[in-house]
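Colleague: the following comprises the amino acid sequence and a computationally predicted model.
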Amino acid sequence: MSHGLLMSEAHSTADGTPPLVSVVMATYNRSNIIGYAIESLRANTLQDWELLVVGDCCTDDTETVVSAFGDTRIRFVNLPDNCGEQSGPNNFGVELARGRYLAFLNHDDLWFPHHLRRCVEALEREGVDLVFSQGIVVDADGKLALVGATCPEPHPYAPWMSAPASLWVMRREVPPSVGAWPAARETRISPSQAWLRRAHGMGVRMLALPVPGALIITSGDRRDSYRERQCAEHAWWHDKLRADGGERALIGALLGELWQQRTLNPGYNLGHLAKTLVRRSLMCVGIPAPSIKGLFRFRRKGAFIAHLRRVRGLEPAKRGSRTEDGH
């Protein structure tokens with residue numbers, strides 16, 4: 001595959017009207033799973049969108065997989081140089097976006113069918129700049145966790161909240177005012193969360209919307225997920241979601257299991273409360289951390305993403321290169 005800039009034909013409506021939502025998807029050599037994420041977008045009840053898939057100098061068959069959809073709403077761009085993490089591809093995708101609203105979909109996450117519609121409706125109804133939904137995280141051991149809008153009712157964003165980018169939908173005017181995602185080497189936390197906190201500090205109106213929006217299958221806790229090209233879990237969850245009545249049944253089962261995990265473990269809620277209070281206290285004095293453990297493990301800027309790169313089975317980047325912070 002060529003390492004130059006590759007772009008499929010752009011989608012345009014008959015009258016040239018921009019899409020309602022531009023979706024940006026950063027990717028690197030995960031052609032074996034990216035199709036599931038794209039299918040979850042194509043299954044959304046809101047269909048007025050464009051998808052901008054930006055490869056971080058992909059060297060596998062990602063372009064072929066994306067092109068095989070034959071959907072003129074989908075564009076593929078392969079950057080000529082590897083950034084080593086998603087901030088570069090996402091910033092490039094934002095520059096290409098033409099929609100009234102902007103969303104991000106990580107290449108290893110699966111959207112629930114009503115995610116876009118519910119978020120766009122909330123943006124228009126509440127008059128805010130950015131909303132994020134509720135994510136159900138499945139870790140390597142099969143345990144579940146809620147991230148994003150974990151509050152019982154819509155609530156303004158607070159810096160101690162963790163909201164993966166796959167849960168966001170925002171007005172297109174927000175990124176130019178906030179600026180680009182920071183490079184991983186510039187932050188002790190993930191670029192997405194650093195960007196959210198910057199936006200909050202600049203007065204961007206952000207709302208947590210407690211409706212299930214995405215299933216998040218984290219590669220950062222799955223050893224050698226990139227090197228071994230793991231995909232069985234994605235295929236299994238994709239099939240579950242696409243089955244008749246799959247969304248409602250799957251969300252109900254997951255939330256029910258999560259509730260059981262919490263109620264059957266007497267120490268869970270106390271432990272969760274203690275961690276939350278510590279994180280909030282740290283944020284109040286300007287100390288960000290991806291987790292309590294991370295406060296000590298990732299004191300150096302870029303260490304968090306570098307750790308994820310090692311876990312995923314990606315080669316260590318050469319010192320001083322653009323990829324030194326992991327992918």
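Modeller: Yes, it's here.
Colleague: Ser22: which element?
Modeller: strand 21-27 (DSSP states H and E).
Colleague: what is that strand packed up against?
Modeller: Judged by 3 or more C-beta pairs under 8 Å, 6 or more residues apart in numbering; DSSP states H and E, strand 21-27 is in contact with helix 31-42, strand 49-55, helix 87-96, strand 101-104. C-beta here means a position set from N, CA and C on the backbone, and glycine is covered the same way.
Colleague: rerun at 10 Å
Modeller: helix 31-42, strand 49-55, helix 62-67, strand 74-78, helix 87-96, strand 101-104, helix 115-126 (3 or more C-beta pairs under 10 Å, 6 or more residues apart in numbering; DSSP states H and E).
Colleague: pull the distance from it to the chain's centre.
Modeller: In terms of C-alpha atoms, centre = their mean, to the nearest Å, the centre of strand 21-27 is found 10 Å from the chain centre.
Colleague: stretch 207-215 too?
Modeller: Using C-alpha atoms, centre = their mean, the offset of stretch 207-215 from its chain centre is 12 Å.
Colleague: now it: mean pLDDT?
Modeller: The average pLDDT for stretch 207-215 rounds to 95.
Colleague: okay, and the helix or strand of this protein with the least pLDDT?
Modeller: helix 292-297 (a mean of 53; mean pLDDT, DSSP states H and E).
Colleague: can you map out the helices along this protein?
Modeller: 31-42, 62-67, 87-96, 115-126, 174-178, 191-201, 232-242, 246-263, 266-284, 292-297, 303-312 (DSSP state H).
Colleague: ok, and for the second one, which residues are buried?
Modeller: Put plainly, it is helix 62-67. By neighbour count on 16 or more other C-beta atoms under 10 Å, the buried set for helix 62-67 is 62-63, 65-67.
Colleague: which other helices and strands contact that helix?
Modeller: So helix 62-67, by 3+ C-beta pairs under 10 Å, 6+ apart, packs with strand 21-27, helix 31-42, strand 49-55, strand 74-78.
Colleague: now do 6 Å
Modeller: Applying 3 or more C-beta pairs under 6 Å, 6 or more residues apart in numbering; DSSP states H and E, we find helix 62-67 packed against helix 31-42.
Colleague: could you check how far the residue nearest to Gly127 when sequence neighbours are not counted is from Pro156?
Modeller: Leaving aside its sequence neighbours, Gly127 sits nearest to Arg205 (C-beta to C-beta, 6 or more residues apart in numbering; 7.7 Å). Distance, Arg205 to Pro156, using C-beta to C-beta, to the nearest Å: 8 Å.
Colleague: show me which strand runs longest in this protein.
Modeller: When the chain is parsed with DSSP state E, its longest strand is strand 206-217.
Colleague: parallel or antiparallel, list what pairs with it.
Modeller: Sheet pairing for strand 206-217, assigned by DSSP bridges, gives strand 109-111 (antiparallel), strand 130-138 (parallel), strand 155-156 (antiparallel).
Colleague: for it, which outside residues touch it?
Modeller: With contact meaning C-beta atoms under 6 Å, 6 or more residues apart in numbering, strand 206-217 is reached by 108-112, 115, 118, 122, 126, 128, 130-131, 133-138, 149, 151, 154-155, 157, 166-167, 233, 237, 251.
Colleague: is the residue nearest to Ala145 when sequence neighbours are not counted bridged to anything, and to what?
Modeller: Once flanking residues are discounted, Ala145 sits nearest to Val137: 4.5 Å by C-beta to C-beta, 6+ apart. Note on Val137: beta-bridge partners by DSSP bridges are Ala145, Ile216.
Colleague: count the neighbours of Val137 for me.
Modeller: 21 (other C-beta atoms under 10 Å).
Colleague: list the contacts of it.
Modeller: Contacts of Val137 by C-beta under 6 Å, 6+ apart are 145, 147, 216.
Colleague: pLDDT weak spots in the stretch 151-300 of the chain?
Modeller: Along the stretch 151-300 of the chain, segments meeting pLDDT under 70 span 244, 258-300.
Colleague: same thing but at 90, please
Modeller: Along the stretch 151-300 of the chain, segments meeting pLDDT under 90 span 151-152, 158-162, 184-190, 218-232, 237, 240-300.
Colleague: picking that back up, mind checking which of the helices and strands packed on strand 21-27 is nearest Pro176?
Modeller: helix 87-96 (8.8 Å; C-beta to C-beta).
Colleague: kind regards, and thank you for your time.
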